[in-house]
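Novice: Structure, please.
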Amino acid sequence: MLLAVMLIGLLALPYVLSAVIPVVRRQYERRAERRRPVAAATAPIEKVTADLRRLRAQLEDRENRPGLTGKGMRMGAVRTAYVQVLGVACHQLEVPPPRSDSHWHTPLAEIYRVEAQLRERGLDVRPVTMAGSHAA
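Specialist: This is a model prediction of the structure:
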C-alpha cells in the first residue's frame, strides 16, 4: 500500500511542480516590484546627476586604493547602487538601461555604453573637478 502511494506521488510530482513553479515565480516578481523605489523615478535630473557623479567617484576611489578589507564586497555594493541610479537616468533621458547577465551582474561594457549614450544626451557622469573640468 505504501509503495503504491509513493509511486503515485512520484508520478504526480512533475505535474505538481509545473503548477507550483509559475505561482512562486509570480510571487517573487511581485515582491521585487514592490521593492523598487517609486520616488527615485521622479527625482530631479540634477539630483540623479549628482548621485551618479558621487557614486562613480566612490567606485574609482575604491578601485584604486590598495589593501582595503572587503574591497570586493564594497565595490559590488557601490557598483550595484551606481547601476540602479544609471537606470533612473536612462529612464528619464529615454536611453536603453544597462543589461545585466543572468546573475544580476552588469558587465563594464554595458556601463560604458550607457555612460556614452547619457553623455550624448548631455549628462556626463564623470566627476567634476574643482577647476570645472572633468576628471580624466
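
Novice: going forward, measure contacts between C-alpha atoms and count neighbours the same way
Specialist: Will do.

Novice: Tell me the helix or strand right after the helix or strand of the chain with the lowest mean pLDDT.
Specialist: Comparing every helix and strand of the chain by mean pLDDT, DSSP states H and E singles out helix 2-35 as the least confident one, with a mean of 84. Along the chain past helix 2-35, the next helix or strand (assigned with DSSP states H and E) turns out to be helix 45-64.

Novice: buried stuff in that next one?
Specialist: Neighbour-count burial for helix 45-64, counted by 16 or more other C-alpha atoms under 10 Å, picks out V48, T49, D51, L52, R53, R54, L55, R56, A57, Q58, L59, R62.

Novice: do the same with stretch 83-102
Specialist: Within stretch 83-102, the residues that qualify as buried by neighbour count (16+ other C-alpha under 10 Å) are V83, Q84, V85, L86, G87, V88, A89, C90, V95, P97, P98, R99.

Novice: Among the residues you listed, which ones are in strands?
Specialist: Using DSSP state E, no member of those sits in strands.

Novice: Turn those residues into TSV, including distance to V24 and pLDDT.
Specialist: As requested, the buried residues of stretch 83-102 are exported to TSV (distance: C-alpha to C-alpha, whole Å; pLDDT from 0 to 100):
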residue	distance to V24	pLDDT
V83	27	90
Q84	25	90
V85	29	91
L86	29	91
G87	27	90
V88	28	91
A89	31	92
C90	30	90
V95	32	91
P97	27	88
P98	27	87
R99	24	85
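
Novice: Kindly indicate which of these lies nearest E120.
Specialist: The shortest gap between E120 and any of those belongs to V95, at 10.1 Å (C-alpha to C-alpha).
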